[in-house]
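A.B. asks: what follows is a predicted protein model with its sequence.
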Amino acid sequence: MKKIYKYKTEAFLKRGNIYNFKVIRKIFIPNDREYFVLEGLTGIKYLLPIEYYTNYNIKTNSEIECIVDKINCVGRIFLEPIHHYYKVNNSYEFKFISEIEIAKKNLIKQKYYKLKGEYNFTALLSATYSINKFDIKQNKIFEIEKISKATIFLKSPF
């Protein structure tokens, strides 16, 4: 006979939802990187890599809001602090800076346009279409598609 376990539903985070976390401390894991230790409302602790969020002004003993960005196949939860200026699905002005290539995990390089917004934040726009489709000398308005690892990704205007 199988045992049935009952869990509190609030103990499980759901992808896409926003939760409050308390920043407990910083830790360094040898051969890895430095992390913030976050504590959720139920007392469960999570790790947030510091390297991506240096300009987010996150401090120990403070509270931050994070969206659950991803939960992988082994149950590891990836949190994304809410950006203090840009919001997903809102539109902002950006100006073209350059074209760059980024190697993904599978080592396939993907082309992006790097754009600059207010307060010197940069954003990426997939370069699957021609740069000639918008005037690079003027600011253009783009909608934010997602923010992941503190990188702002823009929706295609075409």
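C.D. replies: Right, received. Where do you want to start? Numbers count the residues shown, from 1 in each chain.
A.B. asks: and Ile50, its phi and psi?
C.D. replies: In terms of degrees, to the nearest 10, the main-chain angles of Ile50 are phi -70, psi -30.
A.B. asks: correct me if wrong: it contacts Arg25.
C.D. replies: No: the criterion here is C-beta atoms under 8 Å, and Ile50 misses it with Arg25 at 11.4 Å. Just so you know, the C-beta spots here come from the backbone N, C-alpha and C atoms, and that holds for glycine as well.
A.B. asks: now the strands for the chain?
C.D. replies: Applying DSSP state E to the chain gives strands spanning 18-28, 34-39, 45-49, 63-71, 77-81, 91-103, 109-116, 122-126, 140-148, 151-154.
A.B. asks: in TSV, list these along with mean neighbour count and mean pLDDT.
C.D. replies: As requested, these are exported to TSV (neighbours: other C-beta atoms under 10 Å; pLDDT from 0 to 100):
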stretch	mean neighbour count	mean pLDDT
strand 18-28	14	95
strand 34-39	18	95
strand 45-49	17	94
strand 63-71	16	92
strand 77-81	20	94
strand 91-103	14	88
strand 109-116	16	89
strand 122-126	18	90
strand 140-148	16	91
strand 151-154	19	92
